[in-house]
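Trainee: Kindly generate the corresponding structure for this input.
(chains A and B)
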Amino acid sequence: MNLSLNFQLDFSPFNLTIEQALPLQGITGVFGHSGSGKSTLLRAIAGLEKTLAGTITLDDSCLINNSENGCKTFINPEQRHIGLVFQDSRLFPHLNVLENLKFAAKRCQNSRLDFKEIITLTELDSLLHKHIDELSGGQKQRVALARAILAEPKLLLLDEPLSALDRQAKTSLLRLMLKIQGELQLPMLYVSHSLDELQQVCDKLLVLSQGKVLGYGGIHQMIHQLNNIEERTQADDFIHQQTSLSLPIKTLNNDHGLTVLSLNSPLNVHDEIYLPALDNHTAQINEQTLRCFILARDISISLTEPFNSSIVNHLYTKISAINTKGNKVLVTTRFAQAGKEQEFFVNISAFSQQKLALSIGQNVYLQFKASAVRTYLY
Amino acid sequence: MINADLLALITTLKMAALTTVILLIIGTPLAWFLAKMQSRFKVVIEAIVALPLVLPPTVLGFYLLIAFSPQYLPGQLWQQATGQQLAFSFSAIVIGSVLYSMPFVVQPLQKSFEQLGEPLLEASAMLGAGAMDRFFNIVLPITKASFITAASLGFAHTVGEFGVILMIGGNIPGETRVLSIALFDHVEAFDYAKAHVLALSLLAGSMILLAAIYLLNRPKTTAAKRVSNES
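Mentor: Numbers count the residues shown, from 1 in each chain, chains lettered A, B, ... in the order given. Coordinates of the predicted model:
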């Protein structure tokens, strides 16, 4: 599915100007700090912003064409077959959970989905006859998600659906999103200001800043690009410089309470990354790979292999870039083995940089504790 | 004479019921339009709708009397269309009541439409509901109480009307002689016993209707209970 965006929209304090083709597959993240225009972008795609100038095309159908030359088209939101889950769930207060879900199912023309299956999938069986006021925030969003799916959209938009929830509700809804994505193959466009959430579930990432596209690409690649963005103004609060990884799981629990991931071939011992063992029960890991990230400030550099250390993770890498900004230095290193490459990002102080006299091309050991390897979901 | 009062009661109820139905039909789109309106002229339209609240009914009645007379265009058009004179007819007092009770229907509806806002309408549109679908399945059920309030206030206010009807309706039994006029007649004739009967029944009727509206608009007990449980 291809979404082609080419439009301008008045949106204080900036103009939202988007010129971007998005091949939608799996979950595509839209990242930016508040006021960057990401919610407005979703509303434009949904058809809730009518004053934009330009075109939005989904596959072959033109959703809006409001350019100066050429015919004007505007497809009403109800005819776009696009779903939208709002931050504030927006369940209908005069209907109970079941009736809210039926509202969507009734208006769906070619119902291919089984109503009961979706209820089971979203774990709503026990809530069906509850009134909306009786639901918790997380339950409300689960109903909103199920309701959106039951309308059987071609594309599902998610506008910060987790931002009002507590941590536990967040992770369970994220897992649900992954499960739905896996079972229904429904393309999703997921807006969030939390890179941690996006890192866990998105395949591609679109980054917006002040109403403009800052970049679009694979999730890890884009997160690594964000490490190097110069104008780090308000966004500083949200972006922690980090290494973002999807790694094959070698052992889920190695009898010492550690999960072992492999950077490369499963045979090589020197490319292992250890992290505290994932809880089998909560994780329900049936996938072979794990999404994780390591904050740049959690990795340190050593010139010799640190044998006499409690720190379990050490990797032999080559420095590819050194970026100094005030007293902080961002060192980019490359781990390469058997044709596979992985970048790692390390924050050190200018003081350490001076002491070690690091230079580009130099080989160094990275070390980080098992607990520094983080994953938002498990 | 009790038959004349009964006739006045029937005329009154007929007038009020018809007025209420007409007001709901034209007042709902007007209230919706005002609730969604962004233009500067919104205040002008709002002021016109609210005018009967402050205007002496005789002023409105006076202008309507002139407009309804066969010498002026509205009266002429009516006479051409129906073959009957508009002034001093049942139709005249219904038109007068519609204008006079307009704010009592439009204002509660407008307020509830404004309170409802866009969020739920947007959500239902995203689920495939078109404009009419949204109105009948989202707006109407959620703002039901304000429709009932609007209808009751419009009805009650029309029943209590006096000045406008006196000006444009005259006092024709079975046509334009309503309860408030009949009461005035009894008082003028010093027939206080009959006046008491009419006055008391109007008082009681209005009281019951208003109490019913307030009962309906009371916060739901279940919601109140839930709030007190949480705190």
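Trainee: When you work out contacts or count neighbours from here on, use the C-alpha atoms and nothing else.
Mentor: OK.
Trainee: how about the residues of chain B near chain A?
Mentor: Chain B has residues B:119-120, B:122-123, B:125-130, B:138, B:141-142 near chain A, with proximity defined as CA under 8 Å from any CA of the partner chain.
Trainee: Including neighbour count, could these go into JSON lines?
Mentor: Shown next, in JSON lines, are the residues of chain B next to chain A (neighbours: other CA atoms under 10 Å in any protein chain shown):
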{"residue": "B:P119", "neighbour count": "15"}
{"residue": "B:L120", "neighbour count": "18"}
{"residue": "B:E122", "neighbour count": "21"}
{"residue": "B:A123", "neighbour count": "24"}
{"residue": "B:A125", "neighbour count": "25"}
{"residue": "B:M126", "neighbour count": "27"}
{"residue": "B:L127", "neighbour count": "30"}
{"residue": "B:G128", "neighbour count": "28"}
{"residue": "B:A129", "neighbour count": "24"}
{"residue": "B:G130", "neighbour count": "17"}
{"residue": "B:I138", "neighbour count": "20"}
{"residue": "B:P141", "neighbour count": "14"}
{"residue": "B:I142", "neighbour count": "19"}
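Trainee: For burial, what's the neighbour tally of the residue of the stretch 51-200 of chain A at minimum distance from chain B?
Mentor: The nearest approach of the stretch 51-200 of chain A to chain B comes at A:E78, 4.0 Å away (CA to the nearest CA). Neighbour count for A:E78, taken as other CA atoms under 10 Å in any protein chain shown: 21.
Trainee: residue contacts, it?
Mentor: With contact taken as CA atoms under 8 Å, 6 or more residues apart in numbering or on different chains, A:E78 is in contact with B:125-130.
Trainee: all helices of the stretch 251-378 of chain A, in order?
Mentor: A:280-283, A:350-356 (DSSP state H, counting those that start in this stretch).
Trainee: Averaged pLDDT, stretch B:76-93. What do you get?
Mentor: Averaging pLDDT along stretch B:76-93 yields 89.
Trainee: got the buried residues for that stretch?
Mentor: B:76, B:78-79, B:85-93 (16 or more other CA atoms under 10 Å in any protein chain shown).
Trainee: buried set for the helix or strand hosting A:P248?
Mentor: A:P248 belongs to strand A:242-251 when assigned by DSSP states H and E. Within strand A:242-251, the residues that count as buried by 16+ other CA under 10 Å are A:242-250.
Trainee: Could you do stretch A:215-226 as well?
Mentor: Neighbour-count burial for stretch A:215-226, with 16+ other CA under 10 Å as criterion, is recorded at A:216-217, A:219-224, A:226.
Trainee: Over in chain B, which residue gets nearest chain A? Let me know.
Mentor: Closest point on chain B to chain A, by CA to the nearest CA, is B:G128, at 4.0 Å.
Trainee: Hmm, A:K106 and that residue touching each other?
Mentor: No: here B:G128 does not reach A:K106: they are 9.4 Å apart, not a contact under CA atoms under 8 Å.
Trainee: pLDDT weak spots in the stretch 151-300 of chain A?
Mentor: A:230-238, A:265-269, A:279-287 (pLDDT under 70).
Trainee: Close to chain B: what parts of it are there?
Mentor: Counting by CA under 8 Å from any CA, the stretch 151-300 of chain A sits next to chain B at A:A151.
Trainee: all strands of the stretch 151-300 of chain A, in order?
Mentor: Per DSSP state E, counting those that start in this stretch, the stretch 151-300 of chain A carries strands over the ranges A:155-159, A:188-192, A:204-209, A:212-218, A:242-251, A:258-262, A:272-276, A:289-295, A:300-302.
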